[in-house]
Every structure is written in C-alpha cells, then in structure tokens.
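In: need a 3D model of the sequence below.
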Amino acid sequence: MYASRGDEHVAARKEWFFRRLLSSDVRQRAASIQKIRVELLEMEPHVLDVHVPSLRRLARDAPLPDVRAGCLDILDELNTPHDAHDDTPVSYYMDAREIVDVTATHDPDVAAIFVKCFLQSGRVSHLTRMLAWHTPYLKVHHTCIHMR
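Out: Numbering: from 1, shown residues only. This next block holds a predicted model:
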C-alpha cells in the first residue's frame, strides 16, 4: 500500500488514511477503526510517524465519542503518548475558556453542527469552534457555507 514514492505523497496518503472514519454509520466507523488499527500496527516506524499526529488529534478533538475512544485505544496499543492537551490556541483574541469544547458541548444543536462539520472535513475548524460561542452566528455561518 505504501510503495516508496517520495515525500510528496505522504500528505495524500495521510489524508486518505483517516477518511474512512467520516461516516455517520457507527458500525462502519467501528469497522474502519479496526482496519486502521491493523494497518497502523503493521506499518514501518517511519510511515507510522506520519500518521501519529492525526491519530492524536482525532483522539483529542473528534466530536464522536467512538472515534475518540478508538483512536485512544490505538495509541495505547502503539505505546504512544496521547498528547491530551493541544496547546495551540483556537483564537489569540478570545479567551480559551470561552471557546466551546468540541467534545463536551451541552447544546444538541451545536453538537450536531460539530458532527456534521467533522463528517464533511475530518475536523471541526477553529472558526466553527469560535462561532459556537454564539450559536445563532454558528447556525447562519454553517447554513451559508453548506448551502446546495
């Protein structure tokens, strides 16, 4: 799967590798997590190192609990530190305490938007997280961006 082609293909491979998790079907995500686990355990260390940062990000920031738990389990199995707290600020202008936590929002509308954003792009952007502080703005922004 990972033939030696040079570094220019690393980003494309990494992008594809975790795309399998972007499904609204929990059973499909569970199967994908198992496939990812097997493939990561079989990878050569230099290739595995390319995927670990994305695995850590998913374990920390995915709005879907099953994805977070699955990625944490894989990190444990790989004996890799979790990086439980990312110190990259979401905003240099807003206090970090005002930023809505993707994994712990209590507003079902915001949680649904976070999940939809994640399923579309594999992450919840910093802009989306900042706008979640003011739910009406987030809803308008999300509607405008994702109109079809």
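
In: helix/strand/coil for V102?
Out: What DSSP: H, G, I helix; E, B strand; the rest coil gives for V102 is coil.

In: how close does it get to V67?
Out: Counting by Cβ to Cβ, to the nearest Å, the gap from V102 to V67 is 11 Å. C-beta here means a position set from N, CA and C on the backbone, and glycine is covered the same way.

In: over to K35?
Out: As judged by Cβ to Cβ, K35 and V67 stand 14 Å apart.

In: between those two, point out the one with more neighbours.
Out: V67 (23 against 11; other Cβ atoms under 10 Å).

In: domain-wise, how is this protein divided?
Out: Using automatic domain parsing, the domain parsing of the chain gives 7-77, 96-145.

In: reformat those as JSON lines; add mean pLDDT.
Out: Converted to JSON lines, these look like this (pLDDT from 0 to 100):
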{"stretch": "domain 7-77", "mean pLDDT": "89"}
{"stretch": "domain 96-145", "mean pLDDT": "82"}
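
In: ok, V26 - how many residues close by?
Out: 12.

In: contacts only, for the nearest residue to it once chain neighbours are set aside.
Out: Residue nearest to V26 in three dimensions, not counting chain neighbours: D66, with 6.0 Å by Cβ to Cβ, 6 or more residues apart in numbering. Shown in contact with D66 (Cβ atoms under 8 Å, 6 or more residues apart in numbering): V26, R29, A30, I33.

In: filter these to the buried ones?
Out: Among these, those scoring as buried are R29, I33 (criterion: 16 or more other Cβ atoms under 10 Å).

In: kindly reformat the contacts of D66 as CSV containing secondary structure and distance to K139.
Out: Below are the contacts of D66 laid out as CSV (DSSP: H, G, I helix; E, B strand; the rest coil; distance: Cβ to Cβ, whole Å):
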residue, secondary structure, distance to K139
V26, helix, 25
R29, helix, 26
A30, helix, 30
I33, helix, 31
